[in-house]
Every structure is written in structure tokens, then in C-alpha cells.
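K.L.:
Structure for this input, please:
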Amino acid sequence: MKIESGLPLSLAGLFLVCLLPQSSRAQETKVNKVDPPAVSSHTGNSSQTAEAVNTAKQMVPAEAELTKTVDARKDQPGTAFEARLRGTVHLKDGTTLPHGTLLVGQVATDQMRNNGVSQLALRFTEAKLKDGKTIPIVATIVGITGPPSGVDNGYGYDAPVPWDSKSLRYDDVGIMSHVDLHSRIGGVNSGTLVATDKSDMKLRLGSRMSLAIGEKGAS
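P.N.:
Take a look at the predicted model:
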């Protein structure tokens, strides 16, 4: 009788011993399986992070609208483009950029990758006031949307989210149809657009950009 009553207890103990490690591993897998955020403040290097933080302190949010189409398959490095400010912007150094000020930039990189898809790096360099005066600027593209309905029916439209004055790096997957955005505060370029397939990548007339912007050399 003692042997018969002890056997179920031993089996129950063995079952618990086998179950506990599996439960622990399942919990560990659940904790580690976390998708990375689309927007991150990490630059992967402490010195770069410090530089980006200092640069961000001199920048303010802005929104601008492209005055012409930028085409990754046609525009060459050095091709100029412009975007018009959609509101008055007051820079940290006291400079005022009135509504309608043109932000002038150039295509920094326009190349076809090995898999047949294109990438397009853009760099804003100056603000051109209505009186002809130019101000050197730095700007980071933190968001892009296609033009509103009526400007180009090929794109939908949602107002771009303004810069929150804190985020330092953007790796925004699917920011537009078949296009990802990569940019960081303090980067050499304002932003790099990478096609996710072999579609012709264009930023059409009227496309809107959310920017972090400051005067170049401000400290």
C-alpha cells in the first residue's frame, strides 16, 4: 500500500520539475521579443549622441512644402530643390524666418542600389528670405507626407507630425508608399529616403516635410 500511494506523488513531483524550466524559458522569450520603435533617440555612439543633443538644443520645429517634384531616377547629385515654409519660424538665435521663406537644398546622393531599388539623400543648406538675404541653416527631415488631395491624386494626405524637440534619430519604415526615411539630428544630410522595391521614387510637388531647423554654426 505504501508503494502504491507514493508512486503518484513521485510522478507529480517529476512533472513539476520538468514544467518549471519550460515555463521560465517561455517567460524569457516573451520578455525579449520586443519590436524596436520606429523612432529612437539612440545614435549608437556616445559622442554622436552628445553632439546630437547639443545640436537639437539650437533647433526648432518647422513645416515646409516642396515647390517642385524631386525624382530619384532623374535628379543627379547637386540638383537644387526648394521647399516653402508654411508658417513663421523663430530660430533659437533670434532670427525670424517669415511664412513663405524658401528653404534651399540639394540632392546629396542619388544612386541605384545593387538590388535595383533607389536611394535619395537630401540636404538643406540655406534659407532665402523675400528680400534676397540668405541664411545658412541645418535641417533634419523628421516626417514626410504626399501632397494633399487635388495637388496630386496619386498620394493620400495626412499632416506630417511635427518634431517633438527630443527625438534625435528617425528610422521610419513606410513613411510613404514603398519608401523608408532615415535621418538624425546633426547628420551630414537632412535625410535619406530608401525605396523598398523597384518603384520610381518621387517626392511630388506639394509634398510636406516636418523639419527640425536651426541656423548653421549657432552655438
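K.L.:
C-alpha from now on. contacts and neighbour counts both.
P.N.:
Will do.
K.L.:
Spit out the contact partners of the nearest residue to residue 163 once chain neighbours are set aside.
P.N.:
Once flanking residues are discounted, residue 163 sits nearest to residue 61: 5.3 Å by Cα to Cα, 6 or more residues apart in numbering. Contact partners of residue 61, counting by Cα atoms under 8 Å, 6 or more residues apart in numbering, are 89, 162, 163, 164, 165, 210, 211, 212, 213.
K.L.:
In stretch 75-87, which residues are buried?
P.N.:
The neighbour-count check on stretch 75-87 (16 or more other Cα atoms under 10 Å) flags 75, 76, 77, 80, 81, 82, 83, 84, 85, 86 as buried.
K.L.:
Look at the first one and give its secondary structure.
P.N.:
I take that to be residue 75. Three-state call for residue 75 (DSSP: H, G, I helix; E, B strand; the rest coil): coil.
K.L.:
measure it to residue 196 for me?
P.N.:
19 Å (Cα to Cα, to the nearest Å).
K.L.:
and the residue nearest in space to the middle of the chain, what are its bridge partners?
P.N.:
In the chain, the C-alpha nearest the mean C-alpha coordinate belongs to residue 170, at 3.1 Å (Cα atoms, centre = their mean). Note on residue 170: beta-bridge partners by DSSP bridges are residue 39, residue 183.
K.L.:
correct me, but it touches residue 182?
P.N.:
Yes. Taking Cα atoms under 8 Å as the definition, residue 170 is a contact partner of residue 182 at 5.5 Å.
K.L.:
Which secondary structure state does the spatially closest residue to residue 124 that is not a sequence neighbour sit in?
P.N.:
Using Cα to Cα, 6+ apart and skipping the chain neighbours, the partner closest in space to residue 124 is residue 105 (3.9 Å). What three-state DSSP gives for residue 105 is strand.
K.L.:
any low-confidence regions in the protein?
P.N.:
The model of the chain has pLDDT under 70 over residues 1-45, 110-115, 149-158, 219.
K.L.:
could you pull out the helices for it?
P.N.:
2-32, 46-56 (DSSP state H).
K.L.:
ok, residue 169 - how many residues close by?
P.N.:
Neighbourhood size, residue 169 [other Cα atoms under 10 Å]: 23.
K.L.:
Leaving out chain neighbours, which residue sits closest to it?
P.N.:
residue 184 (4.1 Å).
K.L.:
so how far is residue 197 from residue 184?
P.N.:
23 Å.
K.L.:
between the two, who's got more neighbours?
P.N.:
Set residue 184 next to residue 197 and count neighbours by other Cα under 10 Å: residue 184 wins out with 26 against 13.
K.L.:
Can you lay out the contacts of residue 61 as TSV showing distance to residue 96?
P.N.:
Shown next, in TSV, are the contacts of residue 61 (distance: Cα to Cα, whole Å):
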residue	distance to residue 96
89	6
162	19
163	18
164	20
165	18
210	18
211	16
212	15
213	12
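K.L.:
Buried ones from those, can you make that a PyMOL selection?
P.N.:
Buried subset of the contacts of residue 61, written as a PyMOL selection, criterion 16+ other Cα under 10 Å:
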select buried, resi 89+162+163+210+211+212+213
